[in-house]
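Structure, please.
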Amino acid sequence: MKPFLILQLRPETDASDDEFAAILNKCGLSADRAQRLRLDQQDISSDLRVTDYAGVIVGGGPGCVSDPPDQKSAMDARIEAQVQSIMPQITQNDHPFMGCCYGLGILADHLGGSVSKSRFGEPVGPSTCKATPSAKADPLLLDLPDQFDVFVGHKEAVQELPDGCTHLLRSDPCPFQMIRFGQNVYATQFHPEADATDFERRIKIYQNHGYFPPETADTLIAQCHAANVTVPGKILRRFTQRYG
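Predicted coordinates for the structure are as follows:
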């Protein structure tokens, strides 16, 4: 069977390792079914063919697509360019893709959509997603609850649905929580790989990165553990089951 390609955008080793373990766990994948690329350390080969993989999963990261070029660090700019380099293959072939948080911004930007910090950012913690009518027929969302909690934390957001996309999930603070391009290219604003323990570790790692006042970290961690976040992991598991 073809492996899944997992692209990671986090330059912090502890955050990257935690995210990789969480993705494998929620996807139900063994390490030999995944090829991991840490884009802070490795480049995507110029001859990489996405069709050699069952699907591509892009994790989150501290960068922002909407930051002006002169405000991106050299590493953030290089990481983003690496992912963007394979997006034409993804969309032209309608190849299975799951972009998580930052991955949504990259997909929307590639499709010519508007991504900015002007509206729809969400603080770190739980948020409630609601299904759109289109979600009822989508294979990754079929028979899941019409409303469920997720973990979020993002400064930028998609401002309008890009052409060719289907709107699947929304929340009151952020209208575009999950979209699909074509039939097989997905992206979420929330973190489908994260449970409360994952998010606790992430909060501790990123507490000085401007997502929230550092002194509120303990309160945010308590809020995460009080939330019932179980459905997002099922979405990620369905992705690998469907395409693996």
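
The closest residue to P69 other than its chain neighbours and D70, how far apart?
What sits nearest to P69 in space, not counting adjacent residues and going by CB to CB, 6 or more residues apart in numbering, is A77, at 6.8 Å. No exception for glycine: its C-beta is placed from N, CA and C like everyone else's. Distance of A77 to D70, given as CB to CB, to the nearest Å: 10 Å.

So the two - more neighbours on which side?
A77 (15 against 6; other CB atoms under 10 Å).

my read: that one touches D67, true?
No - in this structure, A77 is not within contact of D67 by CB atoms under 8 Å, at 9.0 Å.

how about the strands in the chain?
Taking DSSP state E to define them, one finds strands in the chain at 4-8, 34-38, 55-58, 97-100, 115-116, 122-131, 147-154, 157-158, 165-170, 178-181, 185-188.

what angle sits between the worst-scoring helix or strand of the chain on mean pLDDT and strand 147-154?
When each helix and strand of the chain is scored by mean pLDDT, DSSP states H and E, helix 196-205 comes last, with a mean of 92. Relative orientation of helix 196-205 with respect to strand 147-154: 20 degrees, computed using axes from the mean of the first three to the mean of the last three CA atoms, to 10 degrees.

what's helix 196-205 in contact with?
Surrounding helix 196-205, the residues in contact under the criterion CB atoms under 8 Å, 6 or more residues apart in numbering are 12, 14-15, 18-19, 22, 124, 151, 153, 191, 194, 212, 217, 220-221, 224-225, 227, 229.

What residues are bridge-paired with the residue lying closest to G99 once chain neighbours are set aside?
Computed as CB to CB, 6+ apart, the closest residue to G99 that is not its neighbour in sequence is A187, at 3.7 Å. Assessed by DSSP bridges, A187 has beta-bridge partners G99, I179.

F176 is in contact with A187, correct?
No - at 9.0 Å, A187 and F176 do not qualify as touching, with contact defined as CB under 8 Å.

roughly how far is the least confident helix or strand of the chain from the heart of the chain?
Using CA atoms, centre = their mean, to the nearest Å, the distance from the centre of helix 196-205 to the centre of the chain it belongs to is 16 Å.

Name the residues of that helix that are buried.
The neighbour-count criterion (16 or more other CB atoms under 10 Å) identifies A196, D198, F199, E200, R201, R202, I203, I205 as the buried residues of helix 196-205.
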